[in-house]
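> Build me a model:
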Amino acid sequence: ANITADLTLDASVEYTISGPVLVNSGATLTIPAGTVIVSDSGTANYLAVLQGGAIDIQGTSTSPVEMKSADGNAWGGLLLCGNATTTEGTNATAEVGGLVYGGTNDNDFSGNIDYLILRNTGAQINSDSQFNGLSLYAVGDATTIDNVAVINGADDGVEFFGGTVSVTNFYAENI
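Down below sits the predicted model:
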């Protein structure tokens with residue numbers, strides 16, 4: 001799916017990811033507290049915020065947002081592609097999904113994430129490339145990421161590919 005305009009999910013609906021879901025430049029995906037997103041497993045299934053797009057995850061300590069696979073096997077997880085600096089330069093290509101990241105704006109904004117649980121992430125593409133729970137490609141420091149847990153991941157809980165974003169209260173279990 002291509003999200004090309006602002007979209008707010010409904011916490012009373014369980015959403016399914018089947019194939020890549022891309023939040024395009026100029027669009028914001030808002031996910032309210034308590035929302036559950038269930039993905040098909042495998043490398044074709046992930047949620048990515050492209051350069052210029054944003055995500056607003058509004059979980060709370062008692063009602064986090066949860067993203068997981070339907071069958072307990074690995075899926076791609078959440079990827080943010082920003083315009084901050086990276087050693088790969090500008091318009092670099094991510095190891096997964098062919099997504100573009102990197103620029104010159106260290107204050108770039110890719111959204112806000114608060115109280116998110118990612119389960120069963122890290123699908124393996126090949127021996128050199130795999131998804132992580134949370135992949136941060138040149139994400140700028142105007143982005144806030146707080147209170148994230150990655151549980152039962154097949155690769156890294158979080159991986160930074162350059163950028164200037166800070167993450168607080170990050171928890172990883174069985175990665």
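
> Quick one: the helices in this structure, in order.
Using DSSP state H, no helices are assigned anywhere in the chain.

> Closest to the centroid, which residue in it?
By CA atoms, centre = their mean, the chain has its centre lying nearest to Leu78, at 2.2 Å.

> That one against Glu66, yeah?
No. Taking contacts as CB atoms under 8 Å, Leu78 lies outside contact range of Glu66: 11.7 Å. Just so you know, the C-beta spots here come from the backbone N, C-alpha and C atoms, and that holds for glycine as well.

> shared neighbours of these two, which are they?
Here Leu78 and Glu66 have Leu116 as joint contacts, going by CB atoms under 8 Å, 6 or more residues apart in numbering.

> And the nearest residue to Gly82 once chain neighbours are set aside, how close does it get to Asn169?
Distances taken as CB to CB, 6 or more residues apart in numbering place Val139 nearest to Gly82, at 3.9 Å, with adjacent residues excluded. Between Val139 and Asn169 the computed distance is 17 Å (CB to CB, to the nearest Å).

> Neighbour count: those two, which is higher?
Val139 (32 against 11; other CB atoms under 10 Å).

> can you pull the pLDDT of the more buried one?
For Val139, the model assigns a pLDDT of 98.

> One more: the one 5 residues further on?
According to the prediction, Thr144 has pLDDT 98.

> rewinding a little: in contact with the residue nearest to Gly82, which residues?
Leu80, Cys81, Gly82, Ala84, Asp108, Ser110, Phe160, Gly163, Thr164, Val165.

> and the third one, backbone torsions?
Just to be clear, that refers to Gly82. Main-chain dihedrals, Gly82, degrees, to the nearest 10: phi -110, psi -180.

> For it, give me its contacts.
By CB under 8 Å, 6+ apart, the neighbours of Gly82 are 51, 101-103, 108, 110, 136-140, 143, 163, 165.

> and stretch 70-89, what's its mean pLDDT?
On average, stretch 70-89 scores 97.

> For it, list the C-alpha coordinates in CSV.
Extracted in CSV, the C-alpha atoms of stretch 70-89 (Å, rounded to 0.1, in the frame of the first residue of the first chain):
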residue,chain,number,x,y,z
ALA,A,70,0.4,-13.3,12.2
ASP,A,71,2.2,-16.7,12.6
GLY,A,72,5.1,-15.8,15.0
ASN,A,73,7.7,-16.0,12.2
ALA,A,74,9.8,-13.0,11.2
TRP,A,75,8.5,-10.1,9.2
GLY,A,76,10.3,-6.8,8.1
GLY,A,77,9.4,-4.5,11.0
LEU,A,78,9.4,-0.7,11.0
LEU,A,79,11.8,1.4,8.9
LEU,A,80,12.3,5.2,8.9
CYS,A,81,14.2,6.8,6.0
GLY,A,82,15.3,10.3,6.8
ASN,A,83,17.3,13.2,5.3
ALA,A,84,20.0,13.5,8.0
THR,A,85,23.7,12.9,7.3
THR,A,86,25.2,9.5,7.0
THR,A,87,28.6,8.1,5.8
GLU,A,88,26.7,6.7,2.8
GLY,A,89,26.1,10.3,1.6
